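> got a structure for you, letters missing:
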Ligand SMILES: O=C(O)CCC(=O)C(=O)O
Ligand SMILES: [Fe+2]
C-alpha cells in the first residue's frame with residue numbers, strides 16, 4: 001500500500017497500515033528486541049522521579065541531542081538495521097530524519113501518556129514518522145486542550161497501529177493535537193514503536 005491521508009482537521013496525518021511486508025516486519029521485530037540497548041529511564045512528573053512505563057532507546061547522528069521530560073539524550077550510533085530502516089522511511093515519506101526514538105511496550109501495562117512532540121529541538125514544523133512492530137495497540141489523538149478555547153474542538157480519534165504500519169505526522173499536527181498510547185487490559189504481547197525525527201538545527 002501507500003501512505004494515505006487521514007481526514008483530521010488542523011492536522012496532517014498520513015497512514016500506511018501495510019508499509020513493511022510481514023516477513024520484513026517479523027525479522028525486524030526479533031532483531032530490534034534483542035540488539036537495541038533498551039533502558040527503563042526515570043522521568044520527572046510534578047517534581048517526582050518515577051520509572052517510565054516502557055523501555056526506550058535513542059539512536060541517531062552524533063549531533064542529534066535531545067531534551068525530553070527533563071532528560072538529555074545522547075544518541076547511540078545507528079546500527080545497520082536501523083540505518084536501513086531510516087533510509088526506507090525517508091524514501092517513502094520524502095523527509096530527512098537524523099534520529100529515532102524507540103519505545104518497547106512489554107505488555108498492555110506499558111503505555112505513553114498524553115503529550116505533543118513539540119520540543120524546541122524539533123523545530124516549528126516537525127514531521128515525525130512512527131513505525132509500529134509487534135502487537136497492535138490503539139493510538140489516540142485528542143485536540144490540544146489549550147488550542148481550542150475559542151472554537152469548537154474536533155472529535156478525538158482512535159487508530160489501531162498494526163505490525164509493519166507507518167504513520168506520518170506532519171505539521172501542524174503537534175501544534176493542535178496531543179496523542180497517547182493507553183494501557184490495555186487485553187492480554188497482549190510486546191510492541192515496538194520507532195519515531196523517526198529531525199532534531200537540532202533545521203535544514
Ligand atoms: O508508541 C506510539 O505509537 C507513540 C509513541 C510516541 O508518541 C512518541 O514516541 O512520542
Ligand atoms: Fe509522541
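Great, that's in hand. Nothing here was measured: the structure is a model prediction, and the numbers come from that model. Residues are numbered from 1 along each chain as shown. Ligands and ions are numbered 1, 2, ... in the order given.

> Point me to the helix or strand that includes the closest residue to ligand 1 within the chain.
For the chain and ligand 1, the shortest gap (C-beta to the nearest ligand atom) falls at residue 193, measuring 3.3 Å. Quick note: C-beta positions are derived from backbone N, CA and C, even for glycine. Taking DSSP states H and E as the criterion, residue 193 maps to strand 191-197.

> for the residue lying farthest from the centre of the chain, what are its contacts?
Most distant from the centre of the chain: residue 150, at 29.5 Å, with distances by C-alpha atoms, centre = their mean. Residues in contact with residue 150 (C-beta atoms under 8 Å, 6 or more residues apart in numbering): none are found.

> same thing with residue 87?
So residue 87 contacts nothing (C-beta under 8 Å, 6+ apart).

> Averaged pLDDT, the stretch of helix or strand it belongs to. What do you get?
Using DSSP H and E, residue 87 maps to helix 80-93. Averaged across helix 80-93, pLDDT comes to 98.

> Pull out the buried residues from that helix.
82, 85, 86, 89, 92, 93 (16 or more other C-beta atoms under 10 Å).

> and if you look at stretch 37-55?
So for stretch 37-55, counting by 16+ other C-beta under 10 Å, buried means 38, 43, 52, 53, 54, 55.

> what residues does it touch?
For stretch 37-55, the external contacting residues (C-beta under 8 Å, 6+ apart) are 56-57, 69-71, 76, 102-106, 109-112, 183.

> do the same with stretch 189-196
By C-beta under 8 Å, 6+ apart, the residues outside stretch 189-196 that reach it are 29, 32-33, 82, 85-86, 89-90, 97, 99-107, 117, 128-137, 161, 181.

> switch the cut-off to 7 Å
29, 32-33, 86, 89, 97, 100-107, 128-135, 137 (C-beta atoms under 7 Å, 6 or more residues apart in numbering).
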